[in-house]
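In: got a predicted model here, sequence first, then my questions.
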Amino acid sequence: MSAGPGKLQAFVGAMVIALVLPLQAARAEEAAPLTALDFIEIQQLVNRLNFALDYCTNGGQDFADLFIEGGKFVIDEGDGKSRTFNTRQQLMTLAGGPDCKALQTPPRSYVRHLAEGLVIAPTPEGAIGTSYAIYPASKGKFLNEDVAGQVGLYHDQYVRTPKGWRFAVRLHETTPVVDGRPQNRMPPQN
């Protein structure tokens, strides 16, 4: 069976379409590059979160304001039972609000959060980031001896809003399993 020039051109044309269209679709979904200002604004967002969480500023509202509506703060302690905070009230409460009294008594009064070594990458939806979650002592005391001085990880998803960059998700992995590869363990968007 021989293929004539018309059949060969049709075959080559079909192959080009089969190869090029997926590449064009992939390019359409590629992340737009982040600007230097984007990187600075995301870093400041992460820094503001630490202070708002540790000091219950504005009754926890400052913390909740750093998330989009429906945004999530997920705590994964490695036991397969992650805890998710995804309403404004839950986020405010996580930060100690509305009265902030929880932050005044041990062991919660010993909690401090640091996010260090933040690495940011663009995504089609905005950006992702991973940083070390460091739990320093406060007056030589810790929230829990199981995590005293431990280094966990934060896995973040950021989106740009009219009010600037905000968290869509922050996954706090308290006891990460390190296998030598950077990971993005973001929970699925629901």
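Out: Right, received. Where do you want to start? Numbers count the residues shown, from 1 in each chain.
In: in the protein, which spans are strands?
Out: Assigned strands in the chain, in chain order: 67-76, 83-85, 114-123, 126-134, 151-161, 164-173 (criterion: DSSP state E).
In: right, and Ala102 touches Leu94 too?
Out: No. Look at Ala102 against Leu94 with CB atoms under 8 Å: they stay out of range, at 9.8 Å. Backbone N, C-alpha and C define where each C-beta goes, glycine included.
In: so what's the residue lying closest to Leu66 once chain neighbours are set aside up against?
Out: In space, not counting the residues next to it along the chain, Leu66 is nearest to Leu49; the distance is 5.2 Å by CB to CB, 6 or more residues apart in numbering. Going by CB atoms under 8 Å, 6 or more residues apart in numbering, Leu49 touches 63, 66, 115, 167, 170.
In: for Gly59, see how far away the residue nearest to Leu94 when sequence neighbours are not counted is.
Out: The shortest distance from Leu94 to any residue that is not its chain neighbour, by CB to CB, 6+ apart, is 4.9 Å, and that residue is Phe85. Remark: distance between Phe85 and Gly59 (CB to CB, to the nearest Å) = 16 Å.
In: same thing with Glu41?
Out: In this view, Glu41 and Gly59 are 25 Å apart by CB to CB.
In: neighbours of Phe167, how many?
Out: When neighbours are counted by other CB atoms under 10 Å, Phe167 registers 22.
In: got it, and Thr105?
Out: Other residues close to Thr105 by other CB under 10 Å number 8.
In: where do the helices of this protein begin and end?
Out: 5-28, 36-55, 61-64, 88-94 (DSSP state H).
In: worst average pLDDT in these?
Out: Ranked by mean pLDDT, these end with helix 5-28 in last place, scoring a mean of 42.
In: look at Phe85 and Gly59 and report which has more neighbours.
Out: Taking other CB under 10 Å, Phe85 and Gly59 do not tie; Phe85 has more neighbours (21 against 15).
In: which ones are touching that one?
Out: Residues near Phe85 by CB under 8 Å, 6+ apart: 72-75, 91, 93-94.
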